[in-house]
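Peer 1: Sequence first, predicted coordinates after that:
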Amino acid sequence: MKGLHRYLVVAMLAHLYAIASWAPAHGQDRPTPQTDNAWRVTASVTPVYQGNADIDGGGSYRTEGVLVRLGASGPILGPLRGGVVFSYDYRDSHFKTPTVFGSPAPWEAVQRIGVAVPLSVGLADGWSVGLTPSLDSFREDSAGWGS
């Protein structure tokens, strides 16, 4: 539980910083995607916690971790907007007597790194259509990224 406390504190501080830094001043209108001509940087740190859950066939499971995102987006050409988002996830799983999987736990800590390229086109009446291609890689702590 000590690790989860650390994730919660970091997430709260990151969100407070984001609110203070990027929120428009009181009374200002927020721009729509079609009228916003500025590039924006976004960041988030989200703690993850799932308490004990029973597993059908025997045993129990819980997990804790953190999801981190950093991105930038802005206008590219006319109504076309684009950007890039880098992501990192860490989830540490704890199995208790996972009899359904056999003797050892099926996995422990899993990491994910990824990059996404969101694209959107502004349409009439404030609507937009988007597409987000992404590339991700997952690994357990005991495996290498190239394994």
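Peer 2: Cool, got the structure. Numbers count the residues shown, from 1 in each chain.

Peer 1: Tell me how far Ser134 lies from Leu70.
Peer 2: Between Ser134 and Leu70 the computed distance is 14 Å (Cβ to Cβ, to the nearest Å). (C-beta placed from N, C-alpha, C; glycine too.)

Peer 1: Just the pLDDT at Trp39, thanks.
Peer 2: On pLDDT, Trp39 comes in at 91.

Peer 1: sorry, that was for Gly130
Peer 2: Confidence score, pLDDT, at Gly130: 95.

Peer 1: For it, grab the count of nearby residues.
Peer 2: 11 (other Cβ atoms under 10 Å).

Peer 1: hang on, isn't it packed against Val117?
Peer 2: No. Here Gly130 lies out of contact with Val117, judged by Cβ atoms under 8 Å, at a distance of 11.0 Å.

Peer 1: Show me where the chain dips below the pLDDT cut-off.
Peer 2: 1-36, 98-103, 144-147 (pLDDT under 70).

Peer 1: now the helices for it?
Peer 2: 2-22 (DSSP state H).

Peer 1: all strands in it, in order from the N-terminus.
Peer 2: Ranges of strands in the chain, per DSSP state E, are 40-54, 60-77, 80-96, 109-116, 119-122, 128-131, 134-140.

Peer 1: Which elements pack onto the fifth one?
Peer 2: The contact analysis (3 or more Cβ pairs under 8 Å, 6 or more residues apart in numbering; DSSP states H and E) places strand 119-122 against strand 80-96, strand 128-131.

Peer 1: Likewise for the first one?
Peer 2: If you count contacts as 3+ Cβ pairs under 8 Å, 6+ apart, strand 40-54 packs onto helix 2-22, strand 60-77, strand 80-96.

Peer 1: again, only using 7 Å
Peer 2: Helices and strands touching strand 40-54, by 3 or more Cβ pairs under 7 Å, 6 or more residues apart in numbering; DSSP states H and E, are helix 2-22, strand 60-77.
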